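*Asks:* next comes the sequence, and after it the predicted model I'd like to discuss.
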Amino acid sequence: MSEFNLIAKYFTRPVQHADLGVGDDAALLRVAPRQQLAISADMLVAGTHFFHDASPYSIGWKSLAVNISDMAAMGAQPKWATLAIALPEVNEPWLAAFSKGFFACAQAFDVDLIGGDTTRGPLTLSIQIMGEVPLGQAIQRNGAKDGDDIWVSGIIGSAALGLAHLQAKVTLTEPTTTHCLNALTTPTPRVALGLALRGIANSCIDISDGLTADLNHILKASNLGAKLSLENIHCHDYLRAHLDDANIKQCILAGGDDYELLFTAPKSQRDYIQQLSQQLQLPLSLIGETTLQLGLTVTHHQQAVDITKKGFDHFG
């Protein structure tokens, strides 16, 4: 199968938000007045970001979802994506399942695939995501203020627990296994939450490398420190039952791959955020506060927790 036939068969769909999509030398887009264009990109490599034998459907879904999550963290509405993919060979059943997962995610979050490229090589995916955010309303990492509440969405640590299960480091049983593997392979980007946090959150980031690692990005950008309470982090019952285990603590704090939103907000916004949790039917947990004193400390029922283990770093 030629490159052009491959693109036409598996990666060409009608577009809703572009004047011109896949099939020409470039796509043509229009950004609405008084909107800023938000752009992010991620690369995923077989053996580093996913197992070589992972489900192609889940690879397709997750490859786009992790990029959409970056838009959510900025308070941006995702709209367009490009996909560059290197394949060791043309495997049509694999491509059919991959594109099905990719476009299922695209449809769920109303994102157009508007271009990309294919080549031969080790399985590698490079995705660029673009979205819109009203001028001056993007939620950045450097906006946290002293005394802000620190919040996190969703259930933390499940993806890391799912990975540990696949690596035979723990043995899970149903329904915990399905919950954790779904969290790992088909994460849900929190777009609705990100949009609702415009003008509410002072800073925000999505959790990819690990809760403490990503919180440190906010703290460094905002020149602040923080105190966290481990017992306030919403996690799966399996993790909560084993919180005295140091490895389980690290699963929650440094495991990563959660793709939940970690954000800071003034204490005056507590009622709104709690109402938002009910409206979105999404747990939003108040887990700590920012401080003028630099550094991050974590406690579990007033006992200090070792956080020397870092989150994921490609070159660490």
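*Replies:* Arrived safely, thanks for sending.

*Asks:* tell me the buried residues in the helix or strand bottoming out on mean pLDDT in the chain?
*Replies:* Lowest on mean pLDDT, DSSP states H and E among the helices and strands of the chain sits helix 3-10, with a mean of 77. Buried positions in helix 3-10, judged by neighbour count with 16 or more other C-beta atoms under 10 Å: 6-7, 10. (Glycine included, C-beta is placed from N, CA and C.)

*Asks:* for residue 15, which three-state class applies?
*Replies:* Look at residue 15: counting by DSSP: H, G, I helix; E, B strand; the rest coil, its state is coil.

*Asks:* what residues are up against it?
*Replies:* Listed by C-beta atoms under 8 Å, 6 or more residues apart in numbering, the contact set of residue 15 reads 21-22, 112-114.

*Asks:* wait, what's in contact with the residue nearest to the spatial centre of the chain?
*Replies:* Centrality entry for the chain: nearest residue to the mean C-alpha point is residue 259, 2.9 Å, by C-alpha atoms, centre = their mean. By C-beta under 8 Å, 6+ apart, the contact set of residue 259 is 65-66, 69, 159, 187-190, 206-208.

*Asks:* quick check, nearest of the contacts of residue 15 to residue 300?
*Replies:* Minimum distance to residue 300 across the contacts of residue 15 is 44.2 Å, recorded for residue 113 (C-beta to C-beta).

*Asks:* which ones among the contacts of residue 259 are found in helices?
*Replies:* 65-66, 69, 159 (DSSP state H).

*Asks:* who wins on neighbours among those?
*Replies:* With neighbours taken as other C-beta atoms under 10 Å, the top of the ones in helices among the contacts of residue 259 is residue 69, carrying 27 neighbours.

*Asks:* coming back round to it: what does the least confident helix or strand of the chain rub up against?
*Replies:* With C-beta under 8 Å, 6+ apart as the test, helix 3-10 has contacts from 1, 22-23, 90, 95-96, 98-99, 116, 118-119.

*Asks:* quick one, helices of the stretch 101-250 of the chain?
*Replies:* 158-166, 176-185, 191-196, 211-222, 237-241, 246-254 (DSSP state H, counting those that start in this stretch).

*Asks:* format those as CSV; extra columns: mean pLDDT.
*Replies:* Formatted as CSV, the helices of the stretch 101-250 of the chain follow (pLDDT from 0 to 100):
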stretch, mean pLDDT
helix 158-166, 93
helix 176-185, 96
helix 191-196, 99
helix 211-222, 97
helix 237-241, 88
helix 246-254, 89
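
*Asks:* and those as CSV, adding distance to residue 146?
*Replies:* Formatted as CSV, the helices of the stretch 101-250 of the chain follow (distance: least, C-beta to C-beta, whole Å):
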stretch, distance to residue 146
helix 158-166, 31
helix 176-185, 33
helix 191-196, 24
helix 211-222, 9
helix 237-241, 31
helix 246-254, 23
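
*Asks:* out of those, nearest to residue 29?
*Replies:* Closest to residue 29 of those, according to C-beta to C-beta: helix 191-196, at 19.1 Å.

*Asks:* for the closest one, which positions count as buried?
*Replies:* Within helix 191-196, the residues scored as buried using 16+ other C-beta under 10 Å are 191, 193-196.

*Asks:* nearest to residue 129 among these?
*Replies:* residue 191 (11.3 Å).

*Asks:* test my guess that that closest one contacts residue 75.
*Replies:* No: assessed by C-beta atoms under 8 Å, residue 191 is found out of contact with residue 75, at 9.6 Å.
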